[in-house]
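Trainee: My questions are about this predicted structure, shown below with the sequence.
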Amino acid sequence: MNVTQNFSFLRTKKGIVAAVLAVVVILGLLVFLLADAFVPQTVKAERFDQRLYGVISDPGAGETLFYRKATPLGVAQGFLKSRQTAFGGATEAVLTESGELYLLYGGDARHLSSQALDARLSAEGRAVVYLSSDGEVYHYTVGEEAPVLIADGISASDLSSFAVSPSGDCVFFARVNEDAGDARAFFWNGETTQLDHLTLIGGLSPLAVSDGGEHLYYLTSSGTALYHATLSGSAEKLTASFSQKVALPYFNRTVSQVLFCEGNGYTYFSENGGEKMKVSSGVAVPVEKSGELSVRAGHCLIGSQDSLRARLYLVKREEAQTLRYLSEDFASEKYASDAAEVFLSSDGTQLYFTRLLEGRYRIYYMDLNSENPAETMLASGVTAYAFSADLKQIYYITRGNKLYERSAGVSTLISESASGVYTTPRGEVYWTVKTGESESVLYLLKEKESVRVATKVTDFFFTEDADYVCAETDGIVRWHIRVSDDLVPLARS
């Protein structure tokens with residue numbers, strides 16, 4: 001029997017229909033497989049903060065992220081170990097788990113190492129210091145031809161920690177001396193000097209250093225004793241019960257002032273290594289207004305302002321937050337008290353906050369510019385809410401599951417049914433409507449109309465720049481690239 005005879009059924013009407021259907025099915029399967037190959041990677045996800053998902057640079061937070069960004073050198077990518085940004089965000093240091101270290105600045109990029117173990121970006125973004133796997137510590141200044149070798153012969157376990165001054169001109173680091181059983185401190189500002197007066201039995205962990213080295217802060221091996229020292233003078237113990245588990249220490253721009261927490265949850269202040277002063281009976285964090293910034297520098301925070309005195313503080317104690325104005329001597333003037341969340345305008349004059357009462361929220365407003373600021377309640381019986389980035393719009397859901405937008409003092413109904421509401425940094429508004437015990441439909445507000453985005457959603461979040469939005473369906477996170485191929489966070493199970 002020849003080939004023609006084998007396929008003679010194709011000449012029949014039924015055979016032709018069957019063949020066409022078979023081809024359609026095969027083509028459909030191929031299209032599905034090929035399309036799936038070009039869909040961004042899907043992974044089983046941890047549950048993220050649904051109010052605003054942002055990039056978390058600390059692996060200790062329990063979430064590992066994937067970084068991907070186009071640069072003049074090509075694409076910088078890898079599972080993220082640390083990501084540090086300088087004041088203003090114009091300079092960024094990215095370290096992947098595989099040891100790739102990138103410095104991104106002013107639209108330019110520099111690939112510094114393929115075997116970096118740790119890195120510190122200066123607060124002003126002008127320099128980065130890193131430890132390579134071959135035991136060498138390098139200092140790189142933005143715009144220079146090559147990094148400068150500071151120290152060598154150091155293993156990751158030998159280098160307890162290192163700190164970089166805000167300008168990046170000075171480095172404070174320590175290395176373990178196994179023979180002597182102690183840790184020896186060093187200071188670099190173009191040349192390396194051993195600080196003999198800071199040699200400690202057991203260990204020493206540098207925390208922060210000022211430009212010029214007038215102020216050095218470090219922890220002992222126990223991690224509970226915090227010291228202030230100078231290049232030549234003696235070291236002064238600020239506390240014996242320091243706790244980074246409560247909050248990171250916070251320094252002013254010149255690193256002459258520090259806020260730190262003790263294990264009891266109280267916040268203290270010290271200036272120039274002087275005696276500590278109690279600030280609050282909770283974790284006090286300076287509130288940033290327009291033009292103010294803070295950056296993470298290793299195991300501490302450095303603010304862009306000259307003084308930590310006479311300014312607004314957000315005091316957190318257990319589940320409640322209180323906004324206070326602390327004077328030069330830290331006398332307190334209370335504004336919002338026992339708040340669930342606090343929102344302050346960029347100029348520091350318009351205050352919004354919420355309180356949780358019997359399972360429902362109340363939303364309040366205060367004009368801090370007025371002579372006698374008073375609370376004004378805007379909404380009650382609220383089950384969920386979200387604020388626009390500029391605080392000009394408030395979106396909230398009431399007892400009847402109705403979604404409202406409050407703008408210019410007027411509340412407008414957006415949807416007859418909603419279970420959750422979220423805003424992105426781009427000003428977009430999403431909300432969910434429950435369709436089952438754990439499933440929802442996701443909607444987007446577009447030109448005052450509701451647009452259905454996804455169904456059977458069990459979780460929803462987006463990147464910090466809102467370029468990517470994803471919805472979890474059937475336990476799988478499906479990414480939707482909306483704007484540009486820039487930053488892709490992934491959870492790794």
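Mentor: Cool, got the structure.

Trainee: For residue 236, grab the count of nearby residues.
Mentor: Applying other C-beta atoms under 10 Å, we find 15 other residues in the vicinity of residue 236. Using the backbone N, CA and C atoms, a C-beta is placed for each residue, glycine as well.

Trainee: before we move on, what about residue 307?
Mentor: The number of residues packed near residue 307 is 15, by other C-beta under 10 Å.

Trainee: Find the nearest non-adjacent residue to it, please.
Mentor: Leaving aside its sequence neighbours, residue 307 sits nearest to residue 252 (C-beta to C-beta, 6 or more residues apart in numbering; 6.0 Å).

Trainee: and what of residue 432?
Mentor: Closest to residue 432 by C-beta to C-beta, 6+ apart is residue 440, at 3.9 Å.

Trainee: my guess is that neighbour meets residue 434, correct?
Mentor: Yes. Using C-beta atoms under 8 Å, residue 440 is in contact with residue 434, at 5.1 Å.

Trainee: so what sits against both of the two?
Mentor: Common contact partners of residue 440 and residue 434 (C-beta atoms under 8 Å, 6 or more residues apart in numbering): residue 419.

Trainee: Could you check which of those two has the larger neighbour count?
Mentor: Applying other C-beta under 10 Å to residue 440 and residue 434 shows that residue 440 carries more neighbours, namely 22 against 15.

Trainee: Who does the more buried one form a beta bridge with?
Mentor: On the basis of DSSP bridges, residue 440 is bridged to residue 434, residue 457.

Trainee: With residue 387 instead?
Mentor: Beta bridges link residue 387 to residue 394, judged by DSSP bridges.

Trainee: contacting residues around it?
Mentor: Neighbours of residue 387 in contact, by C-beta under 8 Å, 6+ apart: 343, 352, 393, 394, 395, 423.

Trainee: how about TSV for these, with pLDDT, distance to residue 264 and neighbour count added?
Mentor: What follows is the contacts of residue 387, written out as TSV (pLDDT from 0 to 100; distance: C-beta to C-beta, whole Å; neighbours: other C-beta atoms under 10 Å):
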residue	pLDDT	distance to residue 264	neighbour count
343	91	29	17
352	95	31	20
393	95	40	17
394	97	36	24
395	97	38	24
423	87	36	22
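
Trainee: I'd like to know how many residues surround the residue nearest to residue 307.
Mentor: Using other C-beta under 10 Å, the number of residues around residue 252 comes to 22.

Trainee: who's in contact with it?
Mentor: When contacts are counted by C-beta under 8 Å, 6+ apart, residue 252 touches 258, 302, 303, 305, 306, 307, 308.

Trainee: separation between it and residue 302?
Mentor: Counting by C-beta to C-beta, to the nearest Å, the gap from residue 252 to residue 302 is 8 Å.

Trainee: what residues are up against the closest residue in space to residue 218 that isn't next to it in sequence?
Mentor: Nearest non-adjacent residue to residue 218, counting by C-beta to C-beta, 6+ apart: residue 206, 4.9 Å away. With contact set as C-beta under 8 Å, 6+ apart, residue 206 has these partners: 160, 161, 162, 163, 172, 173, 174, 185, 216, 217, 218.

Trainee: Check residue 236 too.
Mentor: 227, 228, 229, 273.

Trainee: what's across from it in the sheet?
Mentor: Beta-bridge partners of residue 236, as defined by DSSP bridges: residue 228.

Trainee: Helices of the chain, residue ranges please.
Mentor: Shown for the chain, the helices assigned by DSSP state H span residues 3-6, 13-38.

Trainee: worst average pLDDT in those?
Mentor: Lowest mean pLDDT within the helices of the chain: helix 3-6, a mean of 31.

Trainee: Any stretches of the protein with poor pLDDT?
Mentor: Along the chain, the model assigns pLDDT under 70 to residues 1-79, 155-158, 160, 178-181, 201-202, 460-493.

Trainee: From residue 268, how far out is the residue nearest to residue 218?
Mentor: Distance of residue 206 to residue 268, computed by C-beta to C-beta: 20 Å.

Trainee: Equivalent analysis for residue 153, please.
Mentor: From residue 153 across to residue 268, the span is 38 Å (C-beta to C-beta).

Trainee: Residue 357 too?
Mentor: Using C-beta to C-beta, residue 357 is found at 32 Å from residue 268.

Trainee: Of these two, which one has the most company?
Mentor: residue 268 (21 against 12).

Trainee: doesn't residue 282 make contact with the more buried one?
Mentor: No. Between residue 268 and residue 282 there is no contact under C-beta under 8 Å: 11.9 Å.
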